[in-house]
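Colleague: sequence first, predicted model second:
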Amino acid sequence: AKELGKAQAVAFNPNMRGTTVTPLDMETDLRRAIERGELTLRFQPIISLANGRIQGFEALARWTHSKRGEVPPSDFIPLAEETGMIVEIGQWVLRTACERTVRWRDQFPKAEPMEISVNLSSRQFHQYDLVRMVTNSLEGTGMDPSLLKLEITESALMENAHLSAQMLNDLKSLKIQVCVDDFGTGYSSLSYLHTFPIDTLKIDKSFVQDMGRNRHNLEIVRTICLLAQNLRLDVIAEGVETPEQLAQLRAIGCGFAQGYLFSPPLDVDGVERLLGENRSW
Ligand code: C2E
Ligand code: CA
Ligand code: CA
Ligand code: CA
């Protein structure tokens, strides 16, 4: 009963804030995280397999808590979603990612095209003023819209396919790109996929990581790549950790890849070091 009480307090009772219940402390802390500068971004390179070069980066949020240390996004993004703080956090993430990218494009003109991918959670995706928020970030930073890619999970898109199609159309009118994240895990209807104005499918890492051991998963990855080709979409394989996986993806004709084999998510210094090395794979 005590556990249930906690859950209810978090979910339904904003007046309970300030009691000793841990999730609420965490909520209060998260509210202050932005102003205290405790939120940061990591950037993980996405590699074009056509030329082995960096196509761009995915921005991934981190929360460095004064007492808890680094809180992973799997812990605080759901809390931020539940409490609505994701709107403010998302705004910060998008703006900061765009600011960085504009600066890096200046600093590293040879590192073309330098796209930036930003995650949108389900609640952000259904936020009524999302288009205005994205517009503000683009205009406020001077970011080229065609280099911004918003990642939305397949399951968030399929929650309400009709509304999603409308929202995607509104977003696409800004000339940005849209990527379906965690593709293969969310039961998309292929007919919907065809009607959504999307640019990229990102194959969920669960399929990629098991390709070597599980013939079935290799076939799933191959099929998604074929599907993407037929629909004229780009395809990214995430969670690539081994040279064998990379070789298989190249053989299948997968266009882009991301994972620890190339690089973990990096801080700003790490990115600048990597871009300075002018590496390819
Ligand atoms: P995601 O969008 O699917 O991001 C990929 C996750 O896989 C990241 O975890 C990344 O660090 C991790 N990863 C990258 N390469 C590899 C690999 O080779 N092997 C394995 N095992 N993992 C790899 P991370 O950074 O902990 O983020 C977890 C999730 O949190 C993300 O999943 C995304 O859904 C969410 N998230 C992160 N940042 C944001 C954000 O700014 N806004 C929103 N709404 N969600 C975010
Ligand atoms: Ca993602
Ligand atoms: Ca993903
Ligand atoms: Ca995932």
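Modeller: Good, I have the coordinates. Numbers count the residues shown, from 1 in each chain. Ligands and ions are numbered 1, 2, ... in the order given.

Colleague: show me where the protein has its helices.
Modeller: For the chain, the helices defined by DSSP state H cover 2-12, 22-33, 73-83, 86-107, 122-125, 130-141, 154-159, 161-172, 190-195, 205-209, 215-230, 243-252, 268-277.

Colleague: need the contact list for the closest residue to residue 271 other than its chain neighbours.
Modeller: In space, and not counting its chain neighbours, residue 271 is closest to residue 43: 5.0 Å by CB to CB, 6 or more residues apart in numbering. Using the backbone N, CA and C atoms, a C-beta is placed for each residue, glycine as well. Counting by CB atoms under 8 Å, 6 or more residues apart in numbering, residue 43 touches 57-60, 100, 265-268, 270-271.

Colleague: repeat that with 7 Å
Modeller: Contacts here follow CB atoms under 7 Å, 6 or more residues apart in numbering; on that basis residue 43 touches 57, 59, 265-266, 271.

Colleague: pLDDT wise, what is it at?
Modeller: Listed pLDDT for residue 43 reads 98.

Colleague: how close does it get to residue 228?
Modeller: Taking CB to CB, to the nearest Å as the measure, residue 43 falls 24 Å from residue 228.

Colleague: got any ranges where this structure has weak pLDDT?
Modeller: 1-24, 188 (pLDDT under 70).

Colleague: name the residue closest to the centre of it, please.
Modeller: Geometric centre of the chain, nearest residue: residue 119, 3.0 Å, by CA atoms, centre = their mean.

Colleague: roughly how far apart are the closest residue to residue 71 other than its chain neighbours and ligand 3?
Modeller: Closest residue to residue 71 apart from its sequence neighbours, by CB to CB, 6+ apart: residue 63 at 4.4 Å. Between residue 63 and ligand 3 the computed distance is 19 Å (CB to the ion, to the nearest Å).

Colleague: what about residue 63, how many residues nearby?
Modeller: 24 (other CB atoms under 10 Å).

Colleague: wait, isn't it in contact with residue 72?
Modeller: No. Using CB atoms under 7 Å, residue 63 makes no contact with residue 72, being 8.2 Å away.

Colleague: who's the residue nearest to residue 271 bridged to?
Modeller: residue 59, residue 266 (DSSP bridges).

Colleague: next one: it from residue 70, what distance?
Modeller: 16 Å.

Colleague: and residue 222, by the same measure?
Modeller: Distance of residue 222 to residue 70, computed by CB to CB: 37 Å.

Colleague: the two: which is more packed in?
Modeller: The residue with more neighbours, out of residue 222 and residue 70, is residue 222; 17 against 11, by other CB under 10 Å.

Colleague: right, and residue 125 touches residue 154 too?
Modeller: No. Between residue 125 and residue 154 there is no contact under CB under 7 Å: 11.8 Å.

Colleague: can you tell me which residues in this protein are near ligand 1?
Modeller: Counting by CB under 6 Å from any ligand atom, the positions of the chain adjacent to ligand 1 are 44, 60-61, 72-74, 77, 90, 93, 119-121, 181-182, 205, 238-241, 259-260, 265.

Colleague: what's the PyMOL line that selects buried ones from those residues?
Modeller: Applying 16 or more other CB atoms under 10 Å to the residues of the chain next to ligand 1 leaves a buried subset, and the PyMOL line that selects it is:
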select buried, resi 44+60+61+77+90+93+119+120+121+181+182+205+238+239+240+259+265
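
Colleague: also near ligand 2: which of the residues of the chain next to ligand 1, exactly?
Modeller: 119, 181 (CB under 5 Å from the ion).

Colleague: want to try CSV for the contacts of residue 43, with distance to residue 213 as columns?
Modeller: Formatted as CSV, those follow (distance: CB to CB, whole Å):
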residue, distance to residue 213
57, 29
59, 31
265, 25
266, 29
271, 33
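
Colleague: ok, so of those residues, who is nearest ligand 2?
Modeller: Ranked by distance to ligand 2 (CB to the ion), these are led by residue 59 at 9.1 Å.
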